[in-house]
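Visitor: okay, predicted coordinates and the sequence, questions at the end:
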Amino acid sequence: MKKLHIVGNWKMSLNKEDSLKLAHNIKLINNKDNLNIEVAPTSLYLAEIAEILQDSDISVISQNFDFQNLGSFTGGICLDQLKEIGVNKTILGHSERRSNFNESNEQINNKLEIILNSDLDVIFCFDSYEQVPFDILSTNLKDNSKLKLTLAYEPTWAIGTGKTASIEHIEEIHTKVKETLEENMLQEIPILYGGSVNSSNSKEILDTNNVDGVLVGGASTKIDQLLGIVNSI
Ligand code: 13P
């Protein structure tokens, strides 16, 4: 049975009280063998939530990072700081970082190279086949490091809009990406789908060919929805 991934991206949607409450509720989830569950709280509360969830079945990841090491970069977050608080994975290249924070393809791809050569793992988001930097992946992922990377297809128009991409469309893009990964001997890399996933549509999406999991925004901030997605597997 293939391993599935459910990743909750809380974005900047919750205040402290609601973030901690959600973390305590999530802690009670009993994971299943074939399932990997991760949540990405806002960076302000990462350390506290990593501590709450440290002995649970749920992993805590970051929504972004800026640099590898400590330095004079006001407002930044680096990989060394994430590691120090027990966070070993981050999302990178989310379309909201690209559009609202003006992160360019070049900046994001530079950060991808940095993290692929570090000991942290990454979920790289793309909103079209063309945005996947296959050259960087094939150059930087060696045999023993292929599983450092997860890809996440998130069509911008489906994010936070309630408009989920059709199953045919999701399958078409995921299959195209998977085929190019195969040509580069990288077919083990999981590909998640993100964009208005909820407890009503998650089963159908997760049953789709070449979909290895879901990256969930709004629905992952509501415990009933999150449980619904987990139980749909
Ligand atoms: P929604 O699930 O709210 O559409 O957000 C998707 C997303 O951006 C996950 O990273």
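Guide: Thanks, I have the structure now. Everything quoted here is computed from the prediction, not taken from an experiment.
Visitor: now do the helices in the protein.
Guide: 16-26, 46-52, 79-84, 95-100, 105-116, 134-140, 167-183, 202-206, 223-231 (DSSP state H).
Visitor: can you list those helices in TSV and add distance to the ligand and mean pLDDT?
Guide: Using the backbone N, CA and C atoms, a C-beta is placed for each residue, glycine as well. Formatted as TSV, the helices of the chain follow (distance: least, Cβ to the nearest ligand atom, whole Å; pLDDT from 0 to 100):
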stretch	distance to the ligand	mean pLDDT
helix 16-26	15	98
helix 46-52	16	97
helix 79-84	18	98
helix 95-100	7	96
helix 105-116	15	97
helix 134-140	20	94
helix 167-183	13	97
helix 202-206	11	97
helix 223-231	10	96
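Visitor: dump the ones you listed to a markdown table, plus mean neighbour count.
Guide: As requested, those are exported to a markdown table (neighbours: other Cβ atoms under 10 Å):
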| stretch | mean neighbour count |
| --- | --- |
| helix 16-26 | 16 |
| helix 46-52 | 19 |
| helix 79-84 | 18 |
| helix 95-100 | 16 |
| helix 105-116 | 17 |
| helix 134-140 | 15 |
| helix 167-183 | 16 |
| helix 202-206 | 19 |
| helix 223-231 | 17 |
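Visitor: which pLDDT value goes with the residue of the chain found nearest the ligand?
Guide: Proximity of the chain to the ligand (Cβ to the nearest ligand atom) peaks at Gly217, 2.2 Å away. Note on Gly217: pLDDT of 98.
Visitor: that one touches Gly194, doesn't it?
Guide: Yes - the pair Gly217 and Gly194 qualifies as a contact (Cβ atoms under 8 Å) at a distance of 7.0 Å.
Visitor: ok, the nearest residue to Ser13 once chain neighbours are set aside - contacts?
Guide: The shortest distance from Ser13 to any residue other than its chain neighbours is 5.3 Å, reached at Thr221 (Cβ to Cβ, 6 or more residues apart in numbering). Residues near Thr221 by Cβ atoms under 8 Å, 6 or more residues apart in numbering: Gly8, Trp10, Ser13, Leu14, Asp18, Leu22.
Visitor: check Thr221 and give its pLDDT.
Guide: Confidence score, pLDDT, at Thr221: 98.
Visitor: please apply the same query to Asp143.
Guide: pLDDT at Asp143 comes out at 69.
Visitor: can you check Tyr45 too?
Guide: Reading off the model, Tyr45 has pLDDT 98.
Visitor: so it sits right up against Asp18, yeah?
Guide: No - using Cβ under 8 Å, Tyr45 is not in contact with Asp18, being 10.1 Å away.
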